[in-house]
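Colleague: Make a model of this:
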Amino acid sequence: MLRSTLMTTLTIAKADWAHHAGLLSEIRHRVFVDEQGVPEALELDEFDSLASHWLARIEDKVIGTARMLDGGAIGRMAVLKPYRGKGVGKALINAIIKEAKTRQYPAVELGAQTHAIAFYETAGFRVKGPRFMDAGIAHQHMYLQLTSDAPLGFNVDPGLRANPAQGVLELCKNGRWELRIFSHSLEPALFANAEFIRCIYEFAHRHQDSKVFLMICEERPLRETHHPLVELSRQYRHILQLRTLSIDYTVNADEYFVVSDEDHLITYPHQSEIAQILSSDDEAIARQYRMKFDQLWRHAEEPRSLKPFY
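Modeller: Numbering: from 1, shown residues only. As a prediction, the model looks like this:
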């Protein structure tokens, strides 16, 4: 249980759906359904019985709630209108973060309604990706890194690690002018699904100056699988360029990465360790990786064993 110094009678305590469903759903119904117009059928879901819940009380009156799923996904943060701006939301989020640290989660994440972005930023959360609509309300994906198992400037994003392919796809979708992809052999788990190929095709036609640079270390897997990006690069060679890095330089390749323009980056240590993927929206770091790519690019050439496909 956590007591706030801002409101001496405010308490935050864990709750469970089996015993407190009525209290939890009442607060959420008043905030999300009555106040914000969220359809009641969308407000309750199958995760309620699985999640950890918190209740905020002033004396015996329940005034707020929130939940966290296993893995660190926070949601359903609701505080009754008369009690907003009084530290209730901050006390709730602090209690959840404390629990996540106890569970040794590397990070927590949430979908913030856009008017609440500044609130979560004061708690240390950072914006990630584009805004999206949920139940007719604009939201922003945000995350908070809790551990230091990533280099300075990089982020351990549980959503990205759970679905690296989606993370790479979103990075490319949000690119404006140039994409640089350095990989061992355009790992199919990241770069061969139909949605990614369509994204690259659309990116290549986004502007007349759009460019996609693909640099690989090993040609054989692409040849054996007839990788769709090889065919795409054959059709649009002036836009999508594919090169193989000289073997003299591949021996020192200790990580692979994707850089979008000069401001977003995803990196992973090895083609068999995609689950260790990291991200960074630090422009200085992304720029360094772009420069690293361009330096290696000068030591790469058109793939010899793939020329029949060209």
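
Colleague: ok, residues contacting stretch 121-138?
Modeller: 32, 36-39, 42-43, 90, 93-94, 97, 109-114, 117, 139-145, 155, 157, 170, 173-174, 279, 281 (Cβ atoms under 8 Å, 6 or more residues apart in numbering). (Glycine included, C-beta is placed from N, CA and C.)

Colleague: Give the buried residues for stretch 164-172.
Modeller: For stretch 164-172, the neighbour count (16 or more other Cβ atoms under 10 Å) marks 164-172 as buried.

Colleague: Following the chain onward from the helix or strand bottoming out on mean pLDDT in the chain, which element is next?
Modeller: Between all helices and strands in the chain, the lowest mean by mean pLDDT, DSSP states H and E belongs to strand 2-3, at a mean of 46. As assigned by DSSP states H and E, the chain's next helix or strand after strand 2-3 is strand 10-15.

Colleague: hmm, back to that, among the buried residues of stretch 164-172, which are in strands?
Modeller: Of these, none are assigned to strands by DSSP state E.

Colleague: Just the buried subset of the contacts of stretch 121-138, written out for PyMOL, thanks.
Modeller: The following PyMOL line selects those of these that are buried, judged by 16+ other Cβ under 10 Å:
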select buried, resi 32+38+43+93+97+109+110+112+113+139+140+141+142+143+144+145+155+157+170+279+281
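
Colleague: Tell me which stretches of the stretch 51-200 of the chain form strands.
Modeller: Ranges of strands in the stretch 51-200 of the chain, per DSSP state E, counting those that start in this stretch, are 52-58, 61-68, 73-79, 107-113, 126-134, 137-145, 178-183.

Colleague: Let me see the contact set for the closest residue to Gln145 other than its chain neighbours.
Modeller: With Cβ to Cβ, 6 or more residues apart in numbering as the criterion, Gln145 has its nearest non-adjacent residue at 4.8 Å, and that residue is Ala107. Each residue near Ala107 by Cβ under 8 Å, 6+ apart is listed here: 72, 143-147, 155-158.

Colleague: Nearest to Leu229, out of the residues you listed: which one, please.
Modeller: Nearest to Leu229 out of the contacts of Ala107 is Asp157 (Cβ to Cβ; 24.8 Å).

Colleague: pretty sure the closest one contacts Tyr143?
Modeller: Yes - using Cβ atoms under 8 Å, Asp157 is in contact with Tyr143, at 5.4 Å.

Colleague: shared neighbours, these two?
Modeller: Residues touching both Asp157 and Tyr143 (Cβ under 8 Å, 6+ apart) are 107, 109, 128.

Colleague: And those residues, which is closest to Gly22?
Modeller: Nearest to Gly22 among those is Glu109, at 28.0 Å by Cβ to Cβ.

Colleague: Okay, and the beta partners of that closest one?
Modeller: Following DSSP bridges, Glu109 is listed with bridge partners Ala73, Tyr143.

Colleague: now the helices for the chain?
Modeller: Assigned by DSSP state H, the helices in the chain fall at 17-28, 40-43, 88-102, 117-122, 158-162, 164-173, 188-191, 194-204, 220-225, 228-235, 247-250, 283-297.
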